[in-house]
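>>> Predicted model and sequence below, questions to follow.
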4 protein chains.
Amino acid sequence: MPLMTGEQYVESLRKMKRNIYYLGKKIENPVDHPVIRPSLQCLIDTYDMALMPEYKGLMTATSHLTGHEINRFNIIHQSAEDLNKKTKLQRLMGSRTGACFQRCVIMDCGNAFYATTYEIDKAHGTDYFERFKKFITRVQDEDLIVAGALTDPKGDRSIKIGGEGQDKDLYLHVVERRPDGVVVNGAKAHLTGITNAHEVVVLPTQALRPGQEDYAIAFSVRLDAPGITMIVGRQSCDTRKMEEYADIDVGNKMYGGVEALTVFDHVFIPNENIYLNGETEFAGVLVERFAAYHRNSYGGCKSGVGDVAIGAAAMIAEINGTENASHIKDKLAEMTQLNEQLYALGIASGCEGFRYPAGNYMVNLLIANVCKLNVTRYPYEIVRLMEDIAGGIMVTAPSEADLRSKEVGHYVEKYLVGHNADAEKKLRILRLCENLALGTAAVGYRTESLHGAGSPQAQKIMILRQANFEMKKKGACRIAGVKVDD
Amino acid sequence: MPLMTGEQYVESLRKMKRNIYYLGKKIENPVDHPVIRPSLQCLIDTYDMALMPEYKGLMTATSHLTGHEINRFNIIHQSAEDLNKKTKLQRLMGSRTGACFQRCVIMDCGNAFYATTYEIDKAHGTDYFERFKKFITRVQDEDLIVAGALTDPKGDRSIKIGGEGQDKDLYLHVVERRPDGVVVNGAKAHLTGITNAHEVVVLPTQALRPGQEDYAIAFSVRLDAPGITMIVGRQSCDTRKMEEYADIDVGNKMYGGVEALTVFDHVFIPNENIYLNGETEFAGVLVERFAAYHRNSYGGCKSGVGDVAIGAAAMIAEINGTENASHIKDKLAEMTQLNEQLYALGIASGCEGFRYPAGNYMVNLLIANVCKLNVTRYPYEIVRLMEDIAGGIMVTAPSEADLRSKEVGHYVEKYLVGHNADAEKKLRILRLCENLALGTAAVGYRTESLHGAGSPQAQKIMILRQANFEMKKKGACRIAGVKVDD
Amino acid sequence: MPLMTGEQYVESLRKMKRNIYYLGKKIENPVDHPVIRPSLQCLIDTYDMALMPEYKGLMTATSHLTGHEINRFNIIHQSAEDLNKKTKLQRLMGSRTGACFQRCVIMDCGNAFYATTYEIDKAHGTDYFERFKKFITRVQDEDLIVAGALTDPKGDRSIKIGGEGQDKDLYLHVVERRPDGVVVNGAKAHLTGITNAHEVVVLPTQALRPGQEDYAIAFSVRLDAPGITMIVGRQSCDTRKMEEYADIDVGNKMYGGVEALTVFDHVFIPNENIYLNGETEFAGVLVERFAAYHRNSYGGCKSGVGDVAIGAAAMIAEINGTENASHIKDKLAEMTQLNEQLYALGIASGCEGFRYPAGNYMVNLLIANVCKLNVTRYPYEIVRLMEDIAGGIMVTAPSEADLRSKEVGHYVEKYLVGHNADAEKKLRILRLCENLALGTAAVGYRTESLHGAGSPQAQKIMILRQANFEMKKKGACRIAGVKVDD
Amino acid sequence: MPLMTGEQYVESLRKMKRNIYYLGKKIENPVDHPVIRPSLQCLIDTYDMALMPEYKGLMTATSHLTGHEINRFNIIHQSAEDLNKKTKLQRLMGSRTGACFQRCVIMDCGNAFYATTYEIDKAHGTDYFERFKKFITRVQDEDLIVAGALTDPKGDRSIKIGGEGQDKDLYLHVVERRPDGVVVNGAKAHLTGITNAHEVVVLPTQALRPGQEDYAIAFSVRLDAPGITMIVGRQSCDTRKMEEYADIDVGNKMYGGVEALTVFDHVFIPNENIYLNGETEFAGVLVERFAAYHRNSYGGCKSGVGDVAIGAAAMIAEINGTENASHIKDKLAEMTQLNEQLYALGIASGCEGFRYPAGNYMVNLLIANVCKLNVTRYPYEIVRLMEDIAGGIMVTAPSEADLRSKEVGHYVEKYLVGHNADAEKKLRILRLCENLALGTAAVGYRTESLHGAGSPQAQKIMILRQANFEMKKKGACRIAGVKVDD
């Protein structure tokens, strides 16, 4: 089957009967809903661009399983070059959409599953690797969107998993075992792009110990399976997309991200879709690998969104007539300094990667974590500098409704003029800045940068593990003239 | 006349016929409008608290002009102690409202006018000082809210004021001179609390040169004067206040800030309300003094809002069950470290102040600018740390409508539970965090911190002027054994 | 007895027979030793300046015990104004010497002892307060230099005090109790100015528990008492003071700091000099109070040294011909921004202080700790910016010997010329920069800023204790609409 | 000719008669001088390691000119892989020596000359490329050390090159033109490793304009050529290497860096050694390319030295018994976070490089500049954190002479004990920390990181040039719905 067009993708989703809620009500027609549609558009672009000659080889790749041309988002990485292209692809999409384009999760999850199922089979004599290859081959060939589900709600984190007084469902787990599969119960939070996906792969939220076999479950499932309900999260300024003038004030009318709390209420998973089932010692492995790939991802996508923030800042400086002021140039240089680091760390973590026994290629764990830890900090400073350049008018400007108003529109036209710019142009750029700083895009560019793929403390723990202090101590001792045993 | 109650204040405003627009439509009844009301509530509190015994002497002061007990927001400072109380008052109100409570402008403007009109009179033989004393006495005795108006729209800033091709109205200026007063035209941006004020004082936006006399105009005017139109700025998430469930999702239901672009379309100003009229060399003096007082103010009010951010972070840590994790404690310590600096610099800039020839007391210019430059940076980092502690759920949580929904409400109840906290409690604190980070409060706590009272570059320029490098060079030379001429 | 002159002070020290070692050898004549003398000069200045009319009231104070005029360094603070003057005095001395001038310790220790002995007496019926008043009265009247000794060597810190396998002497303690006094054994590290002091006050290094009575000992003792040995620490570049050309390359020829590891080898302490003896619960109180006063001190002295760093940077920019470059001005503004914060936090922590039951005045604990935590960070950045402005020549410049050399001196003269500056002038300023960044002054301005008065983690712990998170949580809950019990 | 051994290298230098001055006196035997020798040792290691099997392919490479095996430091890069190996080689050497190992300059200069001479020839019909190939072939085959000379003394920088009142010699230039060559006069500052090199390549200090042909001169020359004088710069703590106990207190006894002001007093350069002569428009090209390669270099070498700093910090934490404290671990994680960024940016700037028309491979200009701008900041913070972990004893510890002293040695032994560490071990690690923070290594690790390969402002200028703001503006406009012309 060939690559789908964006339109075919939309139609394929339209046919699925899914339970999606927003503001307390079921959305009957998600693909056309004004709050969902911009997030869908990101994915539509990933289809349409894959068919454009100029993106061939970047948006597309050759499957090592079938030799077919596939969308690169569905790839199993074969080399450092694949990882390099991954970062470039992500920056391209981030800078194109100024939003979270949601399709990376399967790339990162898929590669983690590929490497890990191979190793589980070696250890346990299971056949997860074949199952997963079958799954990913179908995903590649049918050009599907597959979301990923990691984070359990957890509740009170001071109670360990399965601890006393805890509602067991706060961690997704097996509640019934049948010959042909299992029934799971629980929920997963923050699921990026889930409303726009055909299927989802689910994995445990953390490392597990013997005795926690029921939580050690990983699988894939169609999103129209009985028992699945998605509750779309509120984003800052989300309802601007539903206002009378849903254009300028939205900031980014075309694109957006979406996340949903997804409930699995007694969902049946057939055996062939299960890729981990009780092998507790591999839960942590799976999570860490997904996390590492995903931390690398943020170097690409967030630097892409950073390009939009920098472009918006440079544009508003032009409109304000301040772009030649030395302090403005200094701030643009600083924004670039921060943003390029994210990208370069994405590149370097791929370039310094290694091959797994399963044959696919892994990022450098230390650099990927360093990359992500920067991601938890730099977008905030980039946004602050963008706000500095934009001026206070970013948060006090009149609305599009004021601009179009018969009574006060002429005032807005008159007093929001800029350098080579009428009020509408100025307002459009200001609203884009606001969108990135405070609006729907801030959800993805700021808070998701902080917590997605693991919160900063998780990166610090991995950095401490990877830093090899013992080797460095020996080096210091040698120089200092302190004898050390080898 | 005694101090007003909050209710009397509301009624006094209700009687005024003002032109206020929001989302393209005139607001007929601003004091009851759901988007305006929370900002009004901040001011109501400033009235009601001034009547409470526990705040006597802090919320109130004795007028040096009349000996009457007045609201401290209308004071002319007589000592470092007054400045110290100012900072404490501001922190109290900031921590109480979690918002911009809007009443500082007259305190800062008023003191700048008081000192400067005295000096203009000495230089020019004018009688502005008496006029201004009469004005401020009335403000004190009638317990009025007076907003301040500084920032002209400017348009293309690469064109100097009055430069070629510029619409002159982009800087407010005199368009007609009559025996009994002047007519002004123009607009002022970002006017904090203007919709809740009785009057406004207007001053030039920057230093002026001979030849720019028409721009050198300062005055006070009632906000129901003919020709004045206020266009309320859009804030992030503003319309949540008008939703069906306008409670939890608002984050801070009680309080808020408000800003408006205010147009002066051929407004007549009688002579007795004019405090600068063509004395160009004093335009910059007036602006700098207002700026210095206002930069000091931010040490108080923003540390107060910071208290709310820290409290929200500590509370969500408790709910998440993470408050004893060492990295969480470290982040709370860091937030406190940042926030207390703002306060302490407010205190120090008052403590190290000086007396003007007019008799009122001025903040230390260097420290006040240092204070404000921190304000342009630290709230952003405080917010980032708060988001770090809150977790990603801050931006992906379901809405109040979901919580109340018959279909999915039970899922929200089940999966958003926390430590000693049901889903509603957890959501309330998360929405408060969101409000400060991305919502209506972010307008005041972040972007206004950056640009209010002058953008960071303005502080740097003042710091360079106040730093006395020549004296420091001499000190360095003495130590280095380099001879210097005295 | 009147205030001493600097000369009288030097003679008073010369008469004392003390055991001072440097580079493995006993210094027979410390007051004239080239490595010690610059540190002595700081103290000489504190005597001579106290006799100058222009510093009266700042360098001097009136004793509340005797009504005598005393050197302010020996004061027991009576008001916030005293604390304010303390900060101003410290900045004055720091900017005059560009070094640690060493005389603050008794001011900070003395006030801690004054307040605490009063409270011990209340609790235990002891007479420490009277003893200490007698001591401090003598110090004031005889115009003595008294050093302070806090930090025990500790050894392996993973072993608690008195733990198994620990040499007990690693914490100074009582080894013998006699009717007329006690014998102590141990050592104290990093003793600032100890080689230039007449006496020293010694206190425990940390909070203690019942069972640790032998460590709960505080006293004063003359530094020529039998059993005391001082080993002067090596400073970076210390021996430049002993080179043939001990002028330019020293950077700061006049002034310096000094620290010594001081050993107490079975030293007898008579009862009248003991101020704590076994009351374990007051050990921590004493330490914390000293620490708080001393953390406040760093706001004054380090901002004074910062003035020298800024002056040196501005001067070398002038010499390089770069002082009008916008990035140089920006860096000078940033240095000022950082430095003034230290000072202002010193001021604010005094201004917001409170009175102890003993009658003397205490700094605000939260702000003093915030101040010191900044001190652990900002001087490093100030130095970095100074190095940025100075240029690489700061670390690659030829020596004074090269400048004076017949063979290559003309090359140095020719190629190190600057704007209105010959090579000698340029070298002098460069060497001052080097002194602050890497040389003897860096010891005090950088590393001592980090660790003196407690390392950063100690400040964080105090900040967490003082931050009142419970009150802030309640405030956040009120705003968020969460009910809290009072 | 095969690769030289370290010993052969030393002997080859010993035979050269060079003018090297230190502390005003000529050094008769530089290779054995205690201040020079540690810097020489770095280079000796580069020879000896190239002969070890385990470093083959990393320390060595195959010349694309001759096919011979050469030392990698003399390579002309043929691929991104070569650039990747360059970074790895530099990190290896930095972590081995804890110092500037000095041999990168020819690698960076050589590649800049290789690419640029090719293009000059294309533009001007000159034969510089052949000359340079002959030169670099000889360097490779004879396994020479070649230093590079860029920075002119400049004097007053507010006077442009050749400006009025300026001593022309402040910029090295041609003073005489002969048929067989030119005579140059001037000096070059900060020449790294020059005392340990056989030859030096000299290039202009900045971009030049028509009319400045005499300054547009680039060449190579032997360092024993008549007219060349090197004046070794003073480093902090340099003379510790000449003390009685020149071991522990030195911190790093084996290795060091060295820089010298090098005077060219009427030095004759034969035509065959000239690679630029009056083609002013290529001066800037040459400088920028050298700078870009060298900015990439710092990612490798400085992260190597950072490994030593981290190792020293981890080691002293172990000795202090604090390595399991959460704040210590956090600081070690932060140091690693900073250090790995430098390395990763080095890797990424190579990985994202491109090929010049001359055939050799160039780093990515934007990332290389981003890398270097980080280098101007992060080592300072790494050092600060190391000092934090080490404790104040780093700057107040007794000397080795004290440790060996009969009178006080036993006190030092007793009171400087640590966890599994006697006083000597503890002192050795503390002195290594001091060496990196304040001593000879700080020259290379801190100040050289700031200014070497161009000061931070130079990187900002390049970043602004490379950032492509126009493209980013267009991207922002597309998203914001603003029409842009293509």
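Yep, that arrived.

>>> Tell me how far A:Ile231 lies from A:His173.
To A:His173, A:Ile231 is 20 Å away according to C-beta to C-beta, to the nearest Å. From N, CA and C alone the C-beta is placed, and that goes for glycine too.

>>> what about the residue nearest the centre of chain A, distance to A:Ala291?
Taking C-alpha atoms, centre = their mean, the centroid of chain A lies closest to A:Gln102, which sits 5.2 Å from it. A:Gln102 sits 18 Å away from A:Ala291, going by C-beta to C-beta.

>>> With A:Gly350 instead?
As for A:Gly350, its distance to A:Ala291 is 16 Å (criterion: C-beta to C-beta).

>>> what about the two, which has more around it?
Using other C-beta atoms under 10 Å in any protein chain shown, the more surrounded residue of A:Gly350 and A:Ala291 is A:Gly350, with 30 against 22.

>>> show me what contacts A:Ser220?
By C-beta atoms under 8 Å, 6 or more residues apart in numbering or on different chains, the contact list for A:Ser220 reads A:135, A:146, A:199-202, A:273, A:275.

>>> how about those residues in a markdown table, adding distance to D:Arg18, secondary structure and neighbour count?
As requested, the contacts of A:Ser220 are arranged in a markdown table below (distance: C-beta to C-beta, whole Å; DSSP: H, G, I helix; E, B strand; the rest coil; neighbours: other C-beta atoms under 10 Å in any protein chain shown):
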| residue | distance to D:Arg18 | secondary structure | neighbour count |
| --- | --- | --- | --- |
| A:Phe135 | 71 | helix | 23 |
| A:Val146 | 69 | strand | 24 |
| A:Glu199 | 73 | strand | 20 |
| A:Val200 | 72 | strand | 27 |
| A:Val201 | 68 | strand | 27 |
| A:Val202 | 71 | strand | 27 |
| A:Asn273 | 76 | helix | 22 |
| A:Tyr275 | 69 | strand | 25 |
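
>>> any chance of the residues you listed in a markdown table, plus pLDDT?
Below are those laid out as a markdown table (pLDDT from 0 to 100):
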| residue | pLDDT |
| --- | --- |
| A:Phe135 | 98 |
| A:Val146 | 98 |
| A:Glu199 | 98 |
| A:Val200 | 98 |
| A:Val201 | 98 |
| A:Val202 | 98 |
| A:Asn273 | 98 |
| A:Tyr275 | 98 |
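
>>> near chain C, from those residues?
Applying C-beta under 8 Å from any C-beta of the partner chain, the subset of the contacts of A:Ser220 adjacent to chain C is empty.

>>> mind checking how far A:Lys154 is from chain C?
21 Å (C-beta to the nearest C-beta, to the nearest Å).

>>> what do you get for A:Ala467?
21 Å.

>>> give the contact list for that residue.
Residues near A:Ala467 by C-beta under 8 Å, 6+ apart: A:366, D:310, D:332-333, D:336.

>>> Try it again at 10 Å.
A:366, A:369, D:307, D:310, D:314, D:332-333, D:335-337, D:339-340 (C-beta atoms under 10 Å, 6 or more residues apart in numbering or on different chains).

>>> Show me which pair in the residues you listed is furthest apart.
Largest separation among these by C-beta to C-beta: A:Asn369 and D:Ala314, giving 18.1 Å.

>>> And these two? Which one has more around it.
A:Asn369 (33 against 27).

>>> May I see the buried residues of the helix or strand hosting the more buried one?
Taking DSSP states H and E as the criterion, the element that holds A:Asn369 is helix A:365-375. Using 16 or more other C-beta atoms under 10 Å in any protein chain shown as the test for burial, helix A:365-375 gives A:365-375.

>>> Put together JSON lines for the residues you listed, with distance to D:Pro379 on each row.
Listed next are the buried residues of helix A:365-375 as JSON lines, based on distance: C-beta to C-beta, whole Å:
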{"residue": "A:Leu365", "distance to D:Pro379": "24"}
{"residue": "A:Leu366", "distance to D:Pro379": "19"}
{"residue": "A:Ile367", "distance to D:Pro379": "19"}
{"residue": "A:Ala368", "distance to D:Pro379": "23"}
{"residue": "A:Asn369", "distance to D:Pro379": "21"}
{"residue": "A:Val370", "distance to D:Pro379": "16"}
{"residue": "A:Cys371", "distance to D:Pro379": "20"}
{"residue": "A:Lys372", "distance to D:Pro379": "23"}
{"residue": "A:Leu373", "distance to D:Pro379": "18"}
{"residue": "A:Asn374", "distance to D:Pro379": "17"}
{"residue": "A:Val375", "distance to D:Pro379": "23"}
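
>>> Isn't A:Ser236 up against B:Ala397?
No - with contact defined as C-beta atoms under 10 Å, A:Ser236 does not reach B:Ala397; the gap is 11.6 Å.

>>> Give the residues shared as contacts by those two.
With C-beta under 10 Å, 6+ apart, A:Ser236 and B:Ala397 have common neighbours B:Glu434.

>>> Which residues of the stretch 201-350 of chain A lie near chain C?
Residues of the stretch 201-350 of chain A lying close to chain C by C-beta under 10 Å from any C-beta of the partner chain are A:325-327, A:329-330.
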